[in-house]
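Undergrad: I would like the atomic coordinates for the input below:
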Amino acid sequence: MPHLNFNQPPFDVLTLAERQSLKKHTQVRYLAANEILPVDDLQYFFVVLKGQVEQTFNGEFVASYLGSNHSDHVNSNDWFDSRRTPEIQTLPQTSPAATATATATDTNNTPHYDYRADEDTLLLQVDGVAMNRISAQNYLVRQLLSDKLPEKLKALQQRRNSPGQALGLGKDSYTAQQEVQQIMLQPVTDVTLLPVHIVDADSSLYHAARTMTEAGLKHVLVRPIDHLSANHSSNHSSNHSSAVASSDRALGILTDSDICRAVSEQQDPATTQCQRYTSFNLHTIDADHEIGDALLTMTRYRIHRLPVIDDSGQVVGILGQSDMLAYIGHHSQLISIQIEQATDLTSIHTAVELIGRYIRAQQQNGVKIGIVSRMVQTLNAQVFTKLWKLIVPNEVMANTCVIVMGSEGRGEQIMRTDQDNALIIKDNFTHPDLAQFAETFNNHLATLGYPLCDGNIMMTNPMWRQPLKQFKAQISLWFRNTDPMHSIYLSAILDGEYVCGDETLLTDIRKHLETAHHQSDPMFVRQFARAALQFGEVNQWWQKFAPLLGKPSAHDIDLKKAGIFPLVHGIRALALEHDILQVPSTKNRLKALVQVQALTQERADTLGEALEFFMAQRLAVALSTENKHARQVDPTTLSALERDVLKECLAVVKSFKVQLRQHYQLEVG
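TA: Numbering: from 1, shown residues only. As a prediction, this is how the structure comes out:
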């Protein structure tokens with residue numbers, strides 16, 4: 001007689017006592033083909049042993065649940081909690097008619113899902129009260145059965161990174177992979193910080209050098225002149241942080257290299273003031289920020305020290321690059337150094353290959369995809385910058401701005417896929433070789449493994465290599481025209497991110513995007529958002545969970561069409577509606593949408609988690625196959641838990657599309 005498989009989620013985390021208790025509340029249930037689960041039986045937790053169950057709501061397909069006879073994995077049975085009720089998601093700006101409809105549904109009997117057997121199906125039926133009791137005392141079970149996507153993703157992450165601990169086997173099973181993940185999420189104060197030594201801006205270089213020598217450091221912080229009066233009681237010879245400015249974010253830094261530069265310029269250290277060689281406008285990091293954030297900041301700005309600031313605005317220590325690298329055993333900074341030192345295409349290629357290895361290592365170590373993608377964006381930008389510098393003279397660098405767009409601009413690209421880039425040229429600047437520079441740049445990137453864009457959204461295309469004034473005129477045209485291609489072009493420029501050159505050119509473009517949007521038809525955003533609904537409905541992809549014999553690829557799911565694009569574009573449309581045009585990443589758009597109360601924090605978190613799951617699945621496919629585009633995933637090759645999370649994520653996409661349809665009053669189809 002079939003029984004619960006305690007080697008499979010969600011039962012693999014139960015204690016012996018919990019297993020014995022649950023056995024007493026479990027029985028086998030048979031559904032004939034096309035038989036519907038009675039409403040009175042929607043009080044149980046079910047495991048599909050064999051066969052297939054279809055879940056619907058108001059006659060619309062929601063999901064399929066498969067038995068082991070439909071999976072490539074032994075003992076990989078889907079499960080469902082029949083007690084779960086549908087959620088009706090609305091945006092704050094949902095039309096009154098849509099809101100009234102949703103409310104009317106709620107005032108009837110409690111809405112519920114329907115479950116129908118697609119074929120003769122064998123189920124294990126577990127008493128809901130017993131599951132509740134165990135969930136209340138076992139947080140791992142509670143996490144697995146949660147209706148909150150972030151909780152399910154935590155459960156999946158635990159199993160990928162540390163299956164021993166997920167199964168309750170204790171700390172001895174804690175793996176190196178999870179340790180790396182946890183380290184990246186620790187606050188920067190977990191690293192041993194360098195002590196704080198501050199001198200005044202009008203102190204001599206000699207005094208600063210002596211302070212460094214006595215402290216055994218290669219730097220001191222410098223208090224600017226305009227803060228001296230506020231700290232007149234401080235001792236100028238003090239080399240601790242007890243008496244500092246009201247906010248230490250205004251401090252500067254003086255290094256031993258700065259003093260060497262002063263000596264080489266024949267300055268008298270005894271009379272030359274520190275402020276002359278001090279670098280102000282420091283990059284700092286808050287004490288509660290994560291080590292991953294610090295690593296990203298150091299890599300992006302090529303700096304070796306970060307003052308750490310507490311809640312009161314005071315510096316509590318200096319985070320040194322070498323100390324942090326030693327703490328996390330991480331090598332992205334080393335790749336950054338290699339890119340910086342590259343002198344030709346060959347040496348750049350070596351660094352690019354290291355980026356690929358870095359990605360694979362982080363994926364194997366279980367580091368969250370968001371952390372990896374943002375770091376890869378930073379490293380790629382350094383590659384593009386170095387390549388452009390090797391190609392163009394200084395005058396071109398100073399009078400142009402290189403930007404990347406699409407997933408690269410959003411910081412959501414992991415593997416090297418199609419290029420999306422543009423060149424904004426300062427008005428009235430010309431150079432006879434600009435077209436040749438652009439062609440060399442794109443072709444060299446292709447040689448480095450970044451394929452040419454099939455849609456020709458690259459600076460070799462004159463449309464994406466224009467003076468600022470012409471770029472602005474073109475953007476205004478895109479807002480006025482109903483050509484579908486113009487929405488694609490507009491999406492690209494909305495995702496534009498600075499790489500190198502004159503950044504003010506991109507700033508001007510972003511300002512003009514807001515102006516052009518305000519001058520456009522009020523219905524423009526409505527039509528712009530429609531694209532998020534254009535790809536196949538989620539239920540079409542759900543139905544492919546049922547494999548067709550002899551056609552192994554027929555049930556693949558296109559992660560980009562079914563998941564990533566609807567989320568990215570829908571959020572992009574909401575951001576455009578609310579004039580959120582300064583941040584190209586989906587993560588930052590979600591933050592801004594919460595701030596303007598266009599989304600709740602919980603909803604934004606769920607959308608962000610779903611997007612990261614799809615990205616992680618694409619990366620897993622790319623690293624395990626030869627498919628560089630990595631869009632397709634075969635759900636029957638996933639574990640039951642992975643399928644469960646995939647279903648949840650696709651359900652999130654579906655509900656988000658419903659929100660968009662209601663909010664923008666778009667017709668179905």
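
Undergrad: Can you find the helix or strand in this structure with the smallest mean pLDDT?
TA: helix 96-107 (a mean of 37; mean pLDDT, DSSP states H and E).

Undergrad: can you give me the helices for the stretch 401-550 of the chain?
TA: Here the stretch 401-550 of the chain has its helices, by DSSP state H, counting those that start in this stretch, at 406-410, 434-447, 468-480, 484-494, 504-519, 524-529, 538-542.

Undergrad: May I have stretch 430-443 as PDB, with CA atoms only?
TA: This file holds the C-alpha atoms of stretch 430-443, laid out as PDB (Å, rounded to 0.1, in the frame of the first residue of the first chain):
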ATOM      1  CA  THR A 430      32.400  65.600 -34.700                       C
ATOM      2  CA  HIS A 431      35.100  63.200 -35.500                       C
ATOM      3  CA  PRO A 432      35.600  61.500 -38.900                       C
ATOM      4  CA  ASP A 433      36.200  58.100 -37.400                       C
ATOM      5  CA  LEU A 434      33.300  57.800 -35.100                       C
ATOM      6  CA  ALA A 435      31.500  55.200 -37.300                       C
ATOM      7  CA  GLN A 436      34.700  53.200 -37.500                       C
ATOM      8  CA  PHE A 437      35.300  53.400 -33.700                       C
ATOM      9  CA  ALA A 438      31.700  52.100 -33.200                       C
ATOM     10  CA  GLU A 439      32.200  49.200 -35.600                       C
ATOM     11  CA  THR A 440      35.500  48.200 -34.000                       C
ATOM     12  CA  PHE A 441      33.900  48.400 -30.600                       C
ATOM     13  CA  ASN A 442      31.000  46.100 -31.400                       C
ATOM     14  CA  ASN A 443      33.100  43.700 -33.400                       C
END
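
Undergrad: who's in contact with it?
TA: By C-beta atoms under 8 Å, 6 or more residues apart in numbering, the surrounding residues in contact with stretch 430-443 are 387-388, 391-392, 395-396, 400, 419, 421, 423, 425, 452, 458-460, 462, 465. The C-beta positions use only the backbone N, C-alpha and C, and glycine is treated the same way.

Undergrad: Would you mind listing the buried residues in stretch 395-403?
TA: Across stretch 395-403, burial judged by 16 or more other C-beta atoms under 10 Å covers 396-397, 399-403.

Undergrad: can you put the helices of the stretch 401-550 of the chain in a markdown table and add distance to Gln582?
TA: Converted to a markdown table, the helices of the stretch 401-550 of the chain look like this (distance: least, C-beta to C-beta, whole Å):
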| stretch | distance to Gln582 |
| --- | --- |
| helix 406-410 | 13 |
| helix 434-447 | 26 |
| helix 468-480 | 15 |
| helix 484-494 | 11 |
| helix 504-519 | 6 |
| helix 524-529 | 17 |
| helix 538-542 | 32 |
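
Undergrad: residues touching the nearest residue to Leu185 once chain neighbours are set aside, list them.
TA: Nearest residue to Leu185 in three dimensions, chain neighbours excluded: Glu290, at 5.3 Å (C-beta to C-beta, 6 or more residues apart in numbering). Neighbouring residues of Glu290 by C-beta under 8 Å, 6+ apart: 184-188.

Undergrad: Can you pull the phi/psi pair for Glu290?
TA: The phi/psi pair for Glu290 (degrees, to the nearest 10) reads phi -90, psi 160.

Undergrad: Got the confidence number for it?
TA: Note on Glu290: pLDDT of 87.

Undergrad: Name the SS class of Val222, please.
TA: Following DSSP: H, G, I helix; E, B strand; the rest coil, we place Val222 in the strand state.

Undergrad: Can you name the residues bridging to the nearest residue to Leu37 once chain neighbours are set aside?
TA: In space, and not counting its chain neighbours, Leu37 is closest to Tyr115: 4.1 Å by C-beta to C-beta, 6+ apart. Note on Tyr115: beta-bridge partners by DSSP bridges are Gln55.

Undergrad: Spell out which residues make up each domain of this structure.
TA: Using automatic domain parsing, the domain parsing of the chain gives 11-146, 148-185, 188-323, 521-669.

Undergrad: how close does the nearest residue to Gln377 once chain neighbours are set aside get to Thr507?
TA: Spatial nearest neighbour of Gln377, excluding adjacent residues (C-beta to C-beta, 6+ apart): Gly411 at 4.0 Å. From Gly411 across to Thr507, the span is 18 Å (C-beta to C-beta, to the nearest Å).

Undergrad: swap in Ala610?
TA: For Ala610 relative to Thr507 (C-beta to C-beta), the value is 32 Å.

Undergrad: The residue nearest to Leu37 contacts Ser82, doesn't it?
TA: Yes: counting by C-beta atoms under 8 Å, Ser82 is a contact partner of Tyr115 at 6.3 Å.

Undergrad: shared neighbours of those two, anything?
TA: Contacts common to Tyr115 and Ser82, judged by C-beta under 8 Å, 6+ apart, are Leu37.

Undergrad: Compare neighbour counts for these two and give me the winner.
TA: Taking neighbours as other C-beta atoms under 10 Å, Tyr115 and Ser82 compare with Tyr115 leading, 24 against 20.

Undergrad: Look at that one and report its pLDDT.
TA: pLDDT, Tyr115: 95.

Undergrad: What ranges does the stretch 501-650 of the chain have for its strands?
TA: 557-558, 632-633 (DSSP state E, counting those that start in this stretch).

Undergrad: Only the buried residues of the helix or strand hosting Cys260, if you could.
TA: Using DSSP states H and E, Cys260 sits in helix 256-264. Counting neighbours by 16+ other C-beta under 10 Å, one finds that the buried residues in helix 256-264 are 258-259, 262.

Undergrad: Now that helix: average pLDDT?
TA: 94.

Undergrad: Quick one: list the elements packing against the very next helix or strand once past it.
TA: Sequence order places strand 285-286 as the next helix or strand after helix 256-264, per DSSP H and E. Identification of packing neighbours for strand 285-286 by 3 or more C-beta pairs under 8 Å, 6 or more residues apart in numbering; DSSP states H and E yields helix 291-301, strand 305-309.

Undergrad: Format these as CSV; extra columns: distance to Leu42.
TA: Listed next are the helices and strands packed on strand 285-286 as CSV, based on distance: least, C-beta to C-beta, whole Å:
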stretch, distance to Leu42
helix 291-301, 43
strand 305-309, 53
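
Undergrad: Highest mean neighbour count out of these?
TA: Mean neighbour count (mean count of other C-beta atoms under 10 Å) peaks for strand 305-309 among the helices and strands packed on strand 285-286, with a mean of 23.

Undergrad: before we move on, back to that, if I pick the residue nearest to Gln377, what's in contact with it?
TA: 373-374, 377, 497, 584-585, 587.

Undergrad: hmm, try it at 6 Å
TA: By C-beta atoms under 6 Å, 6 or more residues apart in numbering, the contact set of Gly411 is 373-374, 377, 585.

Undergrad: quick one: it from Leu611, how far?
TA: Gly411 is 12 Å from Leu611, by C-beta to C-beta.

Undergrad: Since that was my last question, I'll sign off now.
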